[in-house]
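**Q** Sequence first, then the predicted structure:
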Amino acid sequence: MQEQPANEPLHPTPRKPRLAAIEYIRGISMTGVIGIHVGSQYIMNPASNIHLIALFEIVTRFSVPIFFFISAFGLFYNLDLHKPFSYRAFLSRRFKTVLIPYLVWSIFYLIHDAILYGSGLPSPFRLAGVLFFGVAKYQLYFLVLLTWFYLAMPLWIRIIRHTNKAFLLALLLFQLAFDYWSSFSVPFNTFVYALPDTSLLKPLLMYRLNYWILHYVFIFLLGGHLAVHIDAFHALMQRARGRITLFFWGSLACLLAFYYHLILAQGYTPIEAINTAHQLCPAGIFYTIAASLFFFTIFTYQRYPKCLNPILHQLGRHSYFAYLAHPLAITYLALLMAHTHSTMTAPLAILFYVATLLLAVGTAAIFRQVGTVFPWLNKLTIGTYSTKR
């Protein structure tokens with residue numbers, strides 16, 4: 001989603017070839033995130049189709065964590081681990097591309113929703129919590145997590161320098177255990193929900209998914225490790241393309257099987273099922289890993305019609321703005337449906353998704369073009385700065 005070029009070096013070093021796969025994955029993932037949020041609208045229909053819900057909410061579950069994979073890949077791709085690292089310069093660049101747009105969009109949504117819903121603006125104390133947890137709008141938490149990953153960059157560099165297969169395997173086992181505990185531990189979650197509403201600890205634990213980077217540390221470091229060992233990664237993609245493809249479809253089949261088992265055998269409602277078969281459950285973690293390898297492979301070696309490249313390029317180019325702005329499209333399309341007394345049937349849900357995607361990407365393209373005349377617009381909304389020559 002992040003609009004800044006993913007291959008930007010952290011300090012002067014010979015630039016490596018541009019990787020279109022990073023841009024294309026960013027675009028594909030943005031479409032998946034929109035699918036998840038449109039699915040949240042559709043699932044409110046008591047007669048919603050569980051198979052369409054699976055498409056919106058399960059097939060797309062790689063969408064958020066894969067962004068951490070490509071973010072780390074972009075960070076480490078042009079990084080020489082043996083040269084001094086300028087932490088101050090790194091944070092300065094990254095805060096311009098993430099923190100400023102995050103604050104701008106957060107304030108925008110707070111004002112917008114206060115006017116639209118008559119909810120009023122939060123107090124200064126509550127505003128601090130809203131910004132810390134990234135809850136001004138439901139998609140903004142990603143930028144909070146990304147900021148925490150950036151703040152810990154010196155730690156990631158030290159780890160990547162010594163990462164090997166044994167370490168990655170141990171980290172994967174830790175990831176499986178930690179995410180399972182955070183998501184499914186009955187004693188822990190009972191403790192959290194039992195805390196009084198006046199407790200300062202309760203929001204810190206309730207919103208842990210919004211800022212605990214440990215939930216995604218494996219996929220982030222995997223991206224960094226593969227970027228540093230890009231030649232070996234290329235060899236792996238060439239040598240094991242068939243196995244990577246099988247891993248992807250097999251892991252998706254396992255996640256879908258878990259989802260259907262919860263509904264058909266365990267009696268879960270669709271909402272309960274998608275809140276269980278998510279990206280942090282064991283099947284979801286393996287699906288994210290498989291999707292990261294699979295999409296990188298097919299976009300690197302062009303195992304699809306090349307006529308799709310211009311579309312993938314535009315989706316990737318405008319993914320950051322579209323990601324940040326798409327809740328507006330969802331909000332006003334939903335208001336239009338309510339005004340016309342329309343029910344979110346399966347065909348309308350599909351049209352709703354297409355309309356949301358077109359509005360988000362189209363608006364992004366317009367703002368990007370206007371930003372060439374008024375550069376401050378791109379600086380504030382997507383953190384893009386004109387290159388001085």
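**A** Yep, it's here.
**Q** Name the helix or strand for residue 23, please.
**A** Assigned by DSSP states H and E, residue 23 falls within helix 20-42.
**Q** Name the residues of the helix or strand following that helix that are buried.
**A** Downstream of helix 20-42, the first helix or strand assigned by DSSP H and E is helix 50-57. Across helix 50-57, burial judged by 16 or more other Cβ atoms under 10 Å covers 52-57. To be clear about C-beta, it is placed using only N, CA and C from the backbone, and glycine gets the same treatment.
**Q** Please list the outside residues in contact with helix 50-57.
**A** Contacts with helix 50-57, where a contact means Cβ atoms under 8 Å, 6 or more residues apart in numbering, come from 35-36, 38-40, 42-43, 256, 259-260, 263, 270, 274, 346, 349-350, 353.
**Q** Separate out the buried members of the residues you listed.
**A** 35-36, 38-40, 42-43, 256, 259-260, 263, 270, 274, 349, 353.
**Q** Take the buried residues of helix 50-57 and write them to CSV, including pLDDT and distance to residue 175.
**A** Listed next are those as CSV, based on pLDDT from 0 to 100; distance: Cβ to Cβ, whole Å:
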residue, pLDDT, distance to residue 175
52, 97, 30
53, 97, 26
54, 98, 24
55, 97, 26
56, 97, 25
57, 97, 22
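**Q** Quick check: the gap between the residue nearest the centre of the chain and residue 145.
**A** Centroid-nearest residue in the chain: residue 64, 2.5 Å away (criterion: Cα atoms, centre = their mean). Distance, residue 64 to residue 145, using Cβ to Cβ, to the nearest Å: 9 Å.
**Q** Tell me the buried residues in stretch 139-155?
**A** 139-147, 149-150, 153.
**Q** hmm, I was thinking of stretch 349-364
**A** Per 16+ other Cβ under 10 Å, stretch 349-364 contains these buried residues: 349, 352-353, 355-357, 359-361, 363-364.
**Q** In JSON lines: these, plus pLDDT, distance to residue 234 and secondary structure.
**A** Converted to JSON lines, the buried residues of stretch 349-364 look like this (pLDDT from 0 to 100; distance: Cβ to Cβ, whole Å; DSSP: H, G, I helix; E, B strand; the rest coil):
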{"residue": "349", "pLDDT": "97", "distance to residue 234": "40", "secondary structure": "helix"}
{"residue": "352", "pLDDT": "98", "distance to residue 234": "40", "secondary structure": "helix"}
{"residue": "353", "pLDDT": "98", "distance to residue 234": "35", "secondary structure": "helix"}
{"residue": "355", "pLDDT": "98", "distance to residue 234": "39", "secondary structure": "helix"}
{"residue": "356", "pLDDT": "98", "distance to residue 234": "36", "secondary structure": "helix"}
{"residue": "357", "pLDDT": "98", "distance to residue 234": "32", "secondary structure": "helix"}
{"residue": "359", "pLDDT": "98", "distance to residue 234": "38", "secondary structure": "helix"}
{"residue": "360", "pLDDT": "98", "distance to residue 234": "33", "secondary structure": "helix"}
{"residue": "361", "pLDDT": "98", "distance to residue 234": "31", "secondary structure": "helix"}
{"residue": "363", "pLDDT": "97", "distance to residue 234": "37", "secondary structure": "helix"}
{"residue": "364", "pLDDT": "97", "distance to residue 234": "32", "secondary structure": "helix"}
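**Q** ok, those vs residue 309, which is closest?
**A** residue 361 (16.0 Å; Cβ to Cβ).
**Q** Was I right to think that closest one contacts residue 322?
**A** Yes: between residue 361 and residue 322 there is a contact at 5.0 Å, judged by Cβ atoms under 8 Å.
**Q** mind listing what residue 342 touches?
**A** Going by Cβ under 8 Å, 6+ apart, residue 342 touches residue 348.
**Q** brain fart, residue 179
**A** Contact analysis of residue 179 by Cβ under 8 Å, 6+ apart lists 215, 280-282, 285.
**Q** By neighbours, which of those residues wins?
**A** residue 285 (24 neighbours; other Cβ atoms under 10 Å).
**Q** list the helices and strands the helix holding residue 23 packs on?
**A** Judged by 3 or more Cβ pairs under 8 Å, 6 or more residues apart in numbering; DSSP states H and E, the packing partners of helix 20-42 are helix 50-57, helix 63-77, helix 282-301, helix 309-317, helix 319-339, helix 346-373.
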